[in-house]
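In: sequence and predicted structure, then a few things I'm wondering about:
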Amino acid sequence: MQDRTLTEELKFQFKHGGMHIRLIFVNALVFLFHVLLSFIGKGTHSSGIVETIQTWLFSLNTNIKEFIFAPWGLFTSIFSHFSFLHLLFNMIFLYFIGNMFRQFFSDRRLLHVYIWGGIFGGLFEIAARQFVDQSIVVVGASGSVMALFIAMAFYKPNLQVQLFGIFPIKLYVIALIYLVSDFMQIMKNDGIAHFAHLGGAFLGFLSVQQLHSSSNFINWSETKTQQLKSWFAGLKSGRPKMKVEKGGRVYKTDEQYNMESKEKQEKINKILDKISKSGYESLSKAEKEFLFSQSKK
């Protein structure tokens, strides 16, 4: 078997490495874009303009007056790092926690938790800064990575990991250390967005509550995203999203039908898994009725 070149290996990892690898690629590419912009502006009269554009496009300003005119910072800032060490540490953390997360959850869920964790972190930072006489500019994936980490810590608290590859320690202990550290340093002017970490942690906690319920925030986000994709697919194909003929019969697009079938199958699998672990009597009335209705089809 012939060894892959560096370019081929990068393409392979991006395609087959998982969502956390793709997110690392995106963060790295955004960082390289910043480096390129800085190089172009360095030593010229336009360096200040370049820096202003970078900050305006790729950072989150916690000053409400500034935020109103650049709200996209809630999203773009979670892929941006202006320091190589900041990028390196966040991406190492994302790599290890992403590998762990994918053992129990899907790539799609990882993406949703990452994005919403970053957004919640940004919102927490903005809200908190209204009570202190200090606005800051926030960049980095820390809130997003913290969301993934806390999600795992609440979902599998007793999961044991090897700290530094040597010391066995349970996941919840590491989570407690991180949370306590952020709380203790929350008012320090140390250049770290501790409120963003806590906002991401809060989203991570929410993401594993009532995990199999439609009221779960990430489940809701995934469902709405799929519905939106289906709607756009219907527009692109030139077909209506659905049509109703005489008699009230509804005809759905292939995308809608496939999405609903997949959701039903996932729900059936979760119920069957629950039966195998806790027995049939552990099912709720609604779960029993759903399983019975599907068995007749």
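Out: Yep, that arrived.
In: and the strands in the stretch 51-200 of the chain?
Out: Counting by DSSP state E, counting those that start in this stretch, the segments of the stretch 51-200 of the chain that form strands are 60-61, 137-138, 160-163, 167-170.
In: quick one: low-confidence ranges for the stretch 51-200 of the chain?
Out: 133, 164 (pLDDT under 70).
In: show me the helices in it, by range?
Out: Counting by DSSP state H, counting those that start in this stretch, the stretch 51-200 of the chain has helices at residues 64-68, 73-76, 84-101, 107-129, 142-155, 171-184, 194-207.
In: thinking again about what came up before, out of the strands of the stretch 51-200 of the chain, which one sits most buried?
Out: Sort those by mean neighbour count, taking mean count of other CB atoms under 10 Å, and strand 60-61 sits at the top with a mean of 27. Every C-beta, even on glycine, is put in place using the N, C-alpha and C of the backbone.
In: partners of it, with directions?
Out: strand 137-138 (antiparallel) (DSSP bridges).
In: chain center to the partner strand, what's the gap?
Out: 19 Å (CA atoms, centre = their mean, to the nearest Å).
In: need the contact partners of it.
Out: 55, 59, 60, 61, 62, 73, 77, 122, 125, 193, 196 (CB atoms under 8 Å, 6 or more residues apart in numbering).
In: cool, stretch 262-280 as well?
Out: In contact with stretch 262-280 (CB under 8 Å, 6+ apart) are residues 212, 223, 282, 283, 287, 288, 290, 291, 294.
In: how many other residues sit next to the third one?
Out: Right, residue 282. When neighbours are counted by other CB atoms under 10 Å, residue 282 registers 10.
In: picking that back up, could you dump the helices of the stretch 51-200 of the chain to a markdown table with mean neighbour count and distance to residue 277?
Out: Shown next, in a markdown table, are the helices of the stretch 51-200 of the chain (neighbours: other CB atoms under 10 Å; distance: least, CB to CB, whole Å):
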| stretch | mean neighbour count | distance to residue 277 |
| --- | --- | --- |
| helix 64-68 | 12 | 46 |
| helix 73-76 | 19 | 38 |
| helix 84-101 | 17 | 21 |
| helix 107-129 | 22 | 21 |
| helix 142-155 | 27 | 15 |
| helix 171-184 | 15 | 21 |
| helix 194-207 | 25 | 21 |
